[in-house]
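Asks: Could you work out the structure for the sequence below:
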Amino acid sequence: MSNLFWLSDAQMARLKPFFPKSHGKPRVDDRRVLSGIIFINRNGLRWCDAPREYGPHKTLYNRWKRWSDKGVFAQIMAGLAAEGTETKTIMIDATYLKAHRTASSLRFEKGGRGRLIGRTKGGMNTKLHAITDAIGRPITFFMSAGQDSDYTGAAALLGELPNADWLIADRGYDADWFRDALKDKEITPCIPGRKARKATVKYDKRRYKRRNRIEIMFGRLKDWRRIATRYDRCPKVFLSAVALAATVLFWL
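Replies: Numbers count the residues shown, from 1 in each chain. All right, here's what the predicted structure looks like:
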């Protein structure tokens with residue numbers, strides 16, 4: 001029995017509205033190419049090792065790189081998430097993703113933009129920050145260097161928070177400025193206080209137990225080998241891999 005991955009007709013019907021328009025010569029079979037791209041990302045293969053059933057590996061790579069540069073995969077995830085998100089309660093958290101040696105050079109690219117990889121106790125890592133809905137489906141992501149604090153992601157994602165009643169986070173997000181920003185958005189924080197706080201912070205302990213859903217989401221993303229280990233040097237391309245995995249796992 002074949003272990004190859006193929007998108008179904010129903011899945012393709014949901015994806016097609018987000019595809020860029022083809023100019024000039026029609027594109028090669030979208031279903032075959034996208035299925036191959038998903039297979040490569042899920043299994044962490046080199047593009048030249050793509051099974052021949054998906055066609056020439058250069059076609060797969062060229063589509064992957066072109067659509068990643070245009071932000072197509074991120075747009076697909078955002079579009080599908082907007083159709084069915086349950087945002088009465090949202091969650092925020094972050095996780096470390098190990099950078100492979102082929103991606104972990106700390107030299108800067110042209111224009112001064114780094115690769116968003118930093119040195120931590122666990123080696124060279126990228127940090128992935130995420131907002132999820134009430135059942136742990138990712139709504140948006142932000143990527144930073146591994147040594148950056150959770151506050152970095154919280155500040156970056158503040159402007160992208162959907163209208164919600166509650167936000168659940170661990171005590172790593174316990175900061176007065178963050179709580180105040182949430183209250184300005186009329187979102188009630190469900191965040192335990194740091195142990196160093198003099199005054200005890202009250203929070204909904206029963207609601208807080210749901211936070212394991214965002215941790216489960218990160219675990220499922222890391223089942224994709226190209227996510228668990230970052231091979232891509234370009235942050236935008238790697239974030240496209242994360243968005244693609246999230247789309248297939250949670251939104252299709």
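Asks: Who are the packing partners of the helix or strand harbouring residue 177?
Replies: Using DSSP states H and E, residue 177 maps to helix 176-184. Other helices and strands packing on helix 176-184, by 3 or more CB pairs under 8 Å, 6 or more residues apart in numbering; DSSP states H and E, are strand 188-190. C-beta here means a position set from N, CA and C on the backbone, and glycine is covered the same way.
Asks: hmm, back to that, buried stuff in the helix holding residue 177?
Replies: Neighbour counts using 16 or more other CB atoms under 10 Å place 178, 179, 181, 182 of helix 176-184 among the buried residues.
Asks: from those residues, which two are the most distant?
Replies: Farthest-apart pair in the buried residues of helix 176-184 is 179 and 181; separation 7.3 Å (CB to CB).
Asks: what's the closest non-adjacent residue to residue 194?
Replies: residue 174 (4.8 Å; CB to CB, 6 or more residues apart in numbering).
Asks: dump the residue contacts of that neighbour.
Replies: The contact partners of residue 174, by CB atoms under 8 Å, 6 or more residues apart in numbering, come to 191, 192, 193, 194, 197, 201.
Asks: quick one: which of the residues you listed has the most company?
Replies: Among the contacts of residue 174, residue 191 has the most neighbours (other CB atoms under 10 Å), with 23 neighbours.
Asks: Now do the residue nearest to that residue when sequence neighbours are not counted, the pLDDT please.
Replies: Spatial nearest neighbour of residue 191, chain neighbours left out: residue 169 (4.9 Å); criterion: CB to CB, 6+ apart. In this prediction, residue 169 carries a pLDDT score of 96.
Asks: Could you pull up phi and psi at residue 169?
Replies: Backbone dihedrals for residue 169, given as degrees, to the nearest 10, come out at phi -150, psi 160.
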